[in-house]
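**Q** Build the 3D model from these lines:
(chains A and B)
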There are 2 protein chains.
Amino acid sequence: MIFMSELIGVIENFHAIIPAGGAGTRLWPLSRREKPKFLLPLNHPDKSMLQCTVERLLPVAESVTVVTGKKHYDAVVAQVLRYPQVNVIAEPSARDSMAAIGYAAEVLRNRYGDDVMVGSFAADHAITDVALFQKCVRTAVEAAQDRIVTLGIIPDAPSTAYGYIKPVFSTGEVQEVERFVEKPDVFTAASFVQQGYLWNGGIFVMLASLLKRVLDRHHPQLSAGLTALAREDFSAPEFVACWERLTKIAFDYAVAEPAAAEGLVAVVPLPARVGWSDVGDFAALGRVQSAGLGGVALAELAWDGQSVQLLDSVSEGDESRVFATDGTRLLVSVGLGAVHAVITEDVILIAPLEAAQQVKQVVELLENSSESQFL
Amino acid sequence: MIFMSELIGVIENFHAIIPAGGAGTRLWPLSRREKPKFLLPLNHPDKSMLQCTVERLLPVAESVTVVTGKKHYDAVVAQVLRYPQVNVIAEPSARDSMAAIGYAAEVLRNRYGDDVMVGSFAADHAITDVALFQKCVRTAVEAAQDRIVTLGIIPDAPSTAYGYIKPVFSTGEVQEVERFVEKPDVFTAASFVQQGYLWNGGIFVMLASLLKRVLDRHHPQLSAGLTALAREDFSAPEFVACWERLTKIAFDYAVAEPAAAEGLVAVVPLPARVGWSDVGDFAALGRVQSAGLGGVALAELAWDGQSVQLLDSVSEGDESRVFATDGTRLLVSVGLGAVHAVITEDVILIAPLEAAQQVKQVVELLENSSESQFL
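**A** As a prediction, this is how the structure comes out:
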């Protein structure tokens, strides 16, 4: 039995970083250029994914730093104003996740010293069992005194949407990481799942000083740039110029993979009942939201209206049908089986569940068309 | 070679009747309670099906009488105002097609005498080769001096959506009708097509006096009622009361079937290149409209906007996709193959082509729901 008391309480000297940059194009047309996935209330009736992420971290972190693009800075600030322990950093331009996380970590190291422990968390993931998640974060922080600790999700399917983590198998709560593996094909994924690999959810906990040392070894120029930027001894134009020279590289490639090769990475497995989801496509969104829509098995519906009422739903082969309304509009599908219907004021997207990943290509097509107003 | 001159010209003493009553529920949500199928421009960019029907008949008929419900009277009048030879009769209530056709025929008999030839034509059918159709009407009129002549459509598929006509096979342009057969199941339909049966398109040409005699024999009370109503020696309330007492029966049951049993019906086969369609469902609508939408093979689109622009369409198994827009809204389907997407301001209907007939059940479901505002 786990006592709640042992799960609650801020972890001393631990500060969270949330890079909020992903567009979530696979969730188009819900997520838009002007309103990306992390700003949307996808797993809560009136809180955005970012707000849910912040509220999940505030009970365990002394502060939370959100790093976002200039374009979304105002919207992010408006969403986190209510949380006094949250800071927002605007990136002059998107230089990938290493720049975002590394810059925030250097800012925190300047402010709190070499012993500051930083954790990087995606802005747009969903968690069901928040207390259990926080307990895993605490375990990760405790294990991170001399290494980088990631939280690896125990897979429930051979997904090809995630990178995988190969642990050096042991019985403890914390396992050494042998290596990180990129998104596999479905056969490789099945073999990974069978062998006990974990999903890479992009969550990393580490001492800011260790991060600095690893980055110094593998990307000295980028490391120097981040340190210089964090010292803020620049005028604004110089700051931007320096920022623009930062190597564009993902945290995984810049730090996680080389550190794993050096035996410097460990993983805390996240049990399935944590209920982690990256809400990466409409199939995943449907699983996250299905409770709120009365468990729609036949079609997963997303709407930009306030509430969707399912009027009728039958699934018997050719007789399948869905009726749903937001009060002013009605959606009817017949004979289609399980489809996703996404309805916004200006866009209607219909796809079977298994085509959820194709939405990304739809967005790419639109980008290259004369209809980019729908992005 | 057919010379156009022989096809053109009003047929002396021939008057057309158009009962305009059907709702076309299978075309919902394009057709609505307030705007039924015959009022919609489904087979012409800016003329309704009724207007197309009127324009197809005016070159061969001395007059056209449209019989419609009180509810749609104003809309019908507005649509036919431009044609001086068209009269509109408002029915106090719907008493089925025998009452509509029989009353109009009696009105014409009163006005033009016993020798007036009347022809009844559906308000919401499409014809591609109008000149050939008119030639067939002329043939029917010539053959109708002593019998009722129907135009039977030569089937191109074993449809279960139509009743069939069994001719007494002969080589002439006009064949005697042995009997009318109700909508068959698909196996019976296949055997009918093989045996040379024709589709019953509900087109009948006959002397008004012959119609009166047949009706006198089989439905004397209904016949007397129609004759009395046509004399107009009633006050308005008496007219309505008399109308309400008329037997509700279809023309086929009341006249066509008993007359066929008496050897009084003949059929002029309509060749396939006449391009007849009852536009009975979205699959049929798609065939009628496909030219206008650039031959969309993958999805047949219907929109309540002025014009639909197809942006992209690919059909390669799972890779199938459709992008279409009316300028302010975008429809995207991926991975669904051939679907119908019907988009109106308040309703979105998605169905595979083969489910087109199910739309009728959708409307029935809505009628029994609290969402009847969408009908």
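
**Q** ok, which stretches of chain A are helices?
**A** Along chain A, counting by DSSP state H, helices occupy A:49-57, A:70-80, A:96-112, A:130-143, A:186-194, A:208-218, A:220-231, A:236-244, A:251, A:257-261, A:282-289, A:359-367.

**Q** Point me to the residue of the stretch 201-350 of chain A nearest chain B.
**A** Residue nearest to chain B within the stretch 201-350 of chain A (C-beta to the nearest C-beta): A:Gly335, separated by 3.0 Å. Just so you know, the C-beta spots here come from the backbone N, C-alpha and C atoms, and that holds for glycine as well.

**Q** burial of that residue, as a residue count?
**A** 21 (other C-beta atoms under 10 Å in any protein chain shown).

**Q** surely A:Leu132 meets A:Trp276?
**A** No - if you go by C-beta atoms under 8 Å, A:Leu132 and A:Trp276 don't touch, sitting 10.2 Å apart.

**Q** neighbour count winner among those two?
**A** Shown here are A:Leu132 and A:Trp276; by other C-beta under 10 Å, A:Trp276 has more neighbours (22 against 17).

**Q** and the stretch 1-150 of chain A, which residues reach chain B?
**A** Counting by C-beta under 8 Å from any C-beta of the partner chain, the residues of the stretch 1-150 of chain A lying close to chain B are A:Pro29.

**Q** so where is the stretch 1-150 of chain A shaky, pLDDT-wise?
**A** Counting by pLDDT under 70, the stretch 1-150 of chain A has low-confidence residues at A:1-8.

**Q** ok, now with 50
**A** A:1-7 (pLDDT under 50).

**Q** contacting residues for A:Thr128?
**A** A:Thr128 sits next to A:Arg273, A:Val274, A:Gly275, A:Trp276 when contact means C-beta atoms under 8 Å, 6 or more residues apart in numbering or on different chains.

**Q** Check whether the last one really touches A:Ile127, as I assumed.
**A** Yes - taking C-beta under 8 Å as the contact criterion, A:Trp276 and A:Ile127 are neighbours in contact, 5.8 Å apart.

**Q** any shared contact partners between the two?
**A** If you check A:Trp276 and A:Ile127 against C-beta under 8 Å, 6+ apart, the residues they both contact are A:Phe133.

**Q** Could you tell me how far the top strand by length along chain A lies from the centre of the chain?
**A** In chain A, with assignment by DSSP state E, the single longest strand is strand A:198-207. Relative to its chain's centre, strand A:198-207 lies at 11 Å (C-alpha atoms, centre = their mean, to the nearest Å).

**Q** Can you add distance to A:Thr150 and give the contacts of A:Thr128 back as CSV?
**A** Formatted as CSV, these follow (distance: C-beta to C-beta, whole Å):
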residue, distance to A:Thr150
A:Arg273, 19
A:Val274, 14
A:Gly275, 18
A:Trp276, 13
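
**Q** Specify the beta-bridge partners of the residue nearest to A:Ile148 when sequence neighbours are not counted.
**A** Nearest residue to A:Ile148, sequence neighbours excluded (C-beta to C-beta, 6 or more residues apart in numbering or on different chains): A:Met206, at 4.3 Å. Beta bridges link A:Met206 to A:Val118, judged by DSSP bridges.

**Q** what residues are up against A:Met206?
**A** Going by C-beta under 8 Å, 6+ apart, A:Met206 touches A:Met117, A:Val118, A:Gly119, A:Ala144, A:Arg147, A:Ile148, A:Val149.

**Q** Buried among the residues you listed? Make that a ChimeraX selection.
**A** Buried members of the contacts of A:Met206, defined by 16 or more other C-beta atoms under 10 Å in any protein chain shown, are picked up in ChimeraX with:
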select /A:117,118,119,144,147,148,149
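
**Q** of the contacts of A:Met206, closest to B:Ala161?
**A** B:Ala161 lies nearest to A:Gly119 out of those, by C-beta to C-beta, at 64.7 Å.

**Q** Quick one: distance of stretch A:338-348 to the chain centre.
**A** 24 Å.

**Q** got the end-to-end distance for that stretch?
**A** In stretch A:338-348, first residue to last residue: 16 Å (C-alpha to C-alpha, to the nearest Å).

**Q** Quick check: chain neighbours aside, which residue is closest to the residue of the stretch 201-350 of chain A closest to chain B?
**A** Leaving aside its sequence neighbours, A:Gly335 sits nearest to B:Ala355 (C-beta to C-beta, 6+ apart; 3.0 Å).

**Q** residues in contact with the residue nearest the centre of chain A?
**A** Relative to the mean C-alpha position of chain A, the nearest C-alpha, by C-alpha atoms, centre = their mean, is the one of A:Ala122, at 3.2 Å. By C-beta under 8 Å, 6+ apart, the contact set of A:Ala122 is A:Ile18, A:Pro19, A:Gly22, A:Thr53, A:Gly201, A:Gly202, A:Ile203, A:Asp278.

**Q** hmm, 7 Å instead?
**A** A:Gly202 (C-beta atoms under 7 Å, 6 or more residues apart in numbering or on different chains).

**Q** so what's the backbone phi/psi at it?
**A** The phi/psi pair for A:Ala122 (degrees, to the nearest 10) reads phi -60, psi 150.

**Q** so how far is chain B from it?
**A** A:Ala122 sits 26 Å away from chain B, going by C-beta to the nearest C-beta, to the nearest Å.

**Q** same thing with A:Val193?
**A** 23 Å.

**Q** what's the neighbour count on that residue?
**A** By other C-beta under 10 Å, the residues close to A:Val193 number 19.
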